[in-house]
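Asks: I would like to see how this sequence folds:
(2 chains)
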Amino acid sequence: MAQYIKKVDDRDEDEYSPFLGIEKGAVLQEARVFNDSQLDSRRCSQVITKLLYLLNQGETFTKVEATEVFFSVTKLFQSKDVGLRRMVYLIIKELSPSSDEVIMVTSSLMKDMNSKTDVYRANAIRVLCRITDATLLTQIERYLKQAVVDKNPVVASAALVSGIHILQTNPEIVKRWSNEVQEAVQSRAALVQFHALALLHQIRQNDRLAVSKLVTSLTRGSVRSPLAQCLLIRYTSQVIRESSTNNQSGERPFYDYLEGCLRHKSEMVILEAARAITEFNGVTSRELTPAITVLQLFLSSSKPVLRFAAVRTLNKVAMTHPMAVTNCNIDMESLISDQNRSIATLAITTLLKTGNESGVDRLMKQITNFMSDIADEFKIVVVDAIRSLCLKFPLKYRSLMNFLSNILREEGGFEYKKAIVDSIVILIRDIPDAKEIGLLHLCEFIEDCEFTYLSTQILHFLGVEGPKTADPSKYIRYIYNRVILENATVRASAVSTLAKFGAVVDSLKPRVFVLLRRCLYDIDDEVRDRATLYLNTLGGDGSVVETDKDVKDFLFGSLDIPLVNLETSLKNYEPTEEPFDINSVENIPAAGNKPTALGAQPPAPASTVDTYENLLSSIPEFSTFGNLFKSSAPVELTEAETEYAVNVVKHIFDKHVVFQYNCTNTIPEQLLENVVVVVDASEAEEFAELATKPLNSLPYGAPGQTFVAFEKPEGVPAVGRFSNVLKFLVKEVDPSSGYAEEDGVEDEYQLEDSEIVAADYMLKVGVSNFRNAWESLGPEFERVDEYGLGPRESLSEAVNAVINLLGMQPCEGTEVVAANSRSHSCLLSGVYIGNVKVLVRLSFGVDSSKEVAMKLAVRSEDESVSDVIHDVVAN
Amino acid sequence: MWEVCRRLSNFGDKCVFWLYRDKNREADVNESCPSVKNILLLDSEGNRVAVKYYSDDWPTNSSKEAFEKAVFTKTQKTNARTDAEIAMFENNIVIYKFAQDLHFFVTGGDDENELIISTVLQGFFDAVGLLLRGNVDKKEALENLDLILLCLDEIVDGGIILETDANVIAGKVASHSVDSGAPLSEQTISQALATAREHLTRSLLK
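Replies: This next block holds a predicted model:
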């Protein structure tokens, strides 16, 4: 009893519900009133409401139940009660009867469709079109066509909206209404116009010319409804997008119309137009300015939705045109404290994209207060934005790194912490000055880190980077603390990290060995095993000897083969006298196997070079070429999804060039043998073919490589074009048994040409402080000249073209050209073949006829290299 | 999107082609009619009062309930009583407004014009206010659930916006409460409208 009273108390007056204790079976029983000869319309309405309530709460009716309810509902068409009829329409739509049942109500609905009551007509049209199929549609088509131009806007809208739905399933029927729909577009009723325009566009959407005509005629006239105006803006930008691909020059068509929409009285239209303008392909700053101005006004609106819409649009603009958004920075800053956290986060990330170097410190101060009271998902967004900012302004690494380490110490979930750690790792990798401070922050973090995954990743990273620092000994304490305090997984990583310090830093060896020996008594066998292995291989017997290279390679060298491939090979290995040969494992990574920031190996660009270098030096023909200078990114030589996929990697040596062709056979029924690429170097005079290494066998699905080596004059940046033909012996394979036939057929396959260009002789190597580097190189080998680049599409296009031509690393974010500027300076750095450091200062200017002029200043460690750079540009 | 483009463009013309295709595909979505994915009316504990889904994004009842729960919990603490608020969920924008113990939500795709969605919400919110004669709370809403359901039916049809003017919506819904058998002429509609307006002014003056 007491319990019962308590229950009643809990449910205070507000909690009363007319549907309390409602139960499906009972309601279905109640539905029998539909069959009474004397209909009580009020009661029937109530029962339908109950049925709808049940459906709305997620209750489902069985097929039998639904059919039963449907049939009794059809009886209710006898009642003249308008309210009941509306409920009948609703329940019929919700029950979505099958086609044989639909016939039961078709005649009643068709009668309503032609009734004098507008409410009946509009609703009957919507119901009928919802439940009917193609055969019935042809019967009612005539009425629908009439309804489209009905003088009652509700009826016309109902017919038009139904038309939009029917168009998905029976387009040929709706297409016949074209004339009526066109008439409806001119309607005085706002929403009829909107629905008619939507339908008309969908009817014509595949006919570009018709859409273009539609837009042309309507943008001149006045479209009254704001919703229709929004539609028209969408269609207009579609037309603009399609026409701009044909017509490069001149004014953008319809721009004036869109700009006019920015002054519309409805905010909805203004936003739509502003967004359309910002999404133009290659939008100019002049076009952008009016749109940015209205969005800026929205930023200080009292309505959160409006502020959100504006800041979201500006955030997108900031990705491509950061300079255009800087005017809004003051308004943005006030949004940092916005009640709505989505708005605040968008404002922060926008500011981080548009901010300039001097404002970084102030911005960080504002963000610090903000970070404590937002959710993790927003924090991750901010952390990502801060990382990009830091890469843009490397000189500011100190304050940004401090910020990251501060938030690293605060509360947060795994994803958030991982985002921060990833960011710090990337900054350490890309900004050499930030290395020491970053590593110390990471060390402090693992002192109190609850995530095993992050601890092990950081320990691994410490093992790679720590020994290379000026004072490696200071990290030992942090690492050994892990051995004392953490779980087995982390202890094992810490042991490996200690051993890495020991192997690389000889002065630390005795101390590291002492620590490792203590680990021999660990309770976990993995930890003990690792410690034993390291002690034995590194010579922990007391003698401090320099660890030889083989041991280092064995212990810490990166496994050059993808683990997936190794696994397959090991599975295929049958125990015989012959030991497993790790060199037989394919070392082309499986597709989609991308390294992450904190992967097993640090994915520094160097590591791919290392991989290639190991691969090439393992081939006897190429082992005499010396040090690999640069390996290009793979260049596809075939279209996607062809029979054979081939890409080429260009390896540049001092006196040689090696093409590595990575081939994949995509036909299961074929086995290729003796695969070679025949290279015609007639358009590359300075190159002489030296050696070819064919691929013996290329089965389906497993990639393989073939190589071609060329000799070239030393120190000359020889360029040329090579045409390639893939030649091979095809053998049919029976896909069921997997056996290849004995005899094969010679065949060849034309590949696209490959090229050696000047940029191949340049390594992208950044400098953290360009000015210092520039001063230290001195004016001794400086070469300055001016060039005319001719008419260019835009200044930024010209800048990018020169950067790509030289293949150098842009510094301090100078590759980004402000949207409206007429001049630009760009700083590049790189290392030229022969390990010659090169720095380039570019000054660009553009005149009104889009003629671009460039001043090129080069400083390098070698006079001839400075000249070569000029030659590259001059040609 | 742009980040990806920039990275891709290093790989040459072929990718530019893909990029172009991709852009077009995105455009197709954009150029379609503005659409509403769902309208939710929940109580102060996140339970359904009335909901209507127009999109296949949530195929089962449990996925719908999960979405409602997520939206409710995330927005619960915000103050959306004077102005509509906005949030993003799983690539959707959700615009919401609260009145007493009722929480109104309208969801649209993330490339949708926020102000269009917000107009739909405002139409729904005000129409319910008119229909419930200013007593916007859960009890009243459940007692007049038929009106609420009809109201939803008059605002959006299969995702396409039918009407956004609260007076017109309420007028269309209210027109049915006239007694049976009475001739339904323009007169009664305008009468219903008049009552609706009267209620609106009353609720404003309160």
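
Asks: can you tell me the closest non-neighbouring residue to A:Ser507?
Replies: In this structure, A:Ser507 finds its nearest non-sequential neighbour in A:Ser473, 8.0 Å apart by C-beta to C-beta, 6 or more residues apart in numbering or on different chains. Bear in mind the C-beta positions are built from the backbone N, C-alpha and C, glycine included.

Asks: which pLDDT value belongs to the one you found?
Replies: For A:Ser473, the model assigns a pLDDT of 84.

Asks: just checking, next helix/strand downstream of the least confident helix or strand in chain B by mean pLDDT?
Replies: Within chain B, no helix or strand scores below helix B:13-31, which has a mean of 37 by mean pLDDT, DSSP states H and E. Downstream of helix B:13-31, the first helix or strand assigned by DSSP states H and E is strand B:38-43.

Asks: strands of the stretch 651-800 of chain A, start to end?
Replies: Secondary structure of the stretch 651-800 of chain A (DSSP state E, counting those that start in this stretch): strands located at A:656-665, A:670-683, A:688-693, A:695-698, A:704-711, A:720-733, A:740-750, A:754-756, A:762-763, A:783-791.

Asks: adding distance to A:Ala798, mean neighbour count and mean pLDDT, write those out as a markdown table.
Replies: Below are those laid out as a markdown table (distance: least, C-beta to C-beta, whole Å; neighbours: other C-beta atoms under 10 Å in any protein chain shown; pLDDT from 0 to 100):
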| stretch | distance to A:Ala798 | mean neighbour count | mean pLDDT |
| --- | --- | --- | --- |
| strand A:656-665 | 29 | 22 | 86 |
| strand A:670-683 | 27 | 18 | 84 |
| strand A:688-693 | 36 | 15 | 84 |
| strand A:695-698 | 42 | 17 | 83 |
| strand A:704-711 | 33 | 21 | 86 |
| strand A:720-733 | 24 | 18 | 86 |
| strand A:740-750 | 34 | 12 | 81 |
| strand A:754-756 | 21 | 20 | 84 |
| strand A:762-763 | 19 | 25 | 83 |
| strand A:783-791 | 6 | 13 | 82 |
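
Asks: nearest spatial neighbour of the residue of the stretch 301-450 of chain A found nearest chain B, skipping sequence neighbours?
Replies: For the stretch 301-450 of chain A and chain B, the shortest gap (C-beta to the nearest C-beta) falls at A:Ala309, measuring 4.1 Å. Distances taken as C-beta to C-beta, 6+ apart put B:Glu114 closest to A:Ala309, at 4.1 Å, once the chain neighbours are dropped.

Asks: number of residues surrounding the one you found?
Replies: Other residues within reach of B:Glu114 by the criterion other C-beta atoms under 10 Å in any protein chain shown amount to 27.

Asks: for the longest helix along chain A, which positions count as buried?
Replies: Secondary structure of chain A per DSSP state H: the longest helix is helix A:226-244. Applying a neighbour-count criterion of 16 or more other C-beta atoms under 10 Å in any protein chain shown, the buried positions in helix A:226-244 are A:226-241.

Asks: also near chain B: which of those residues, exactly?
Replies: With the criterion set as C-beta under 8 Å from any C-beta of the partner chain, the members of those near chain B are A:227, A:230-231, A:234-235, A:238, A:241.
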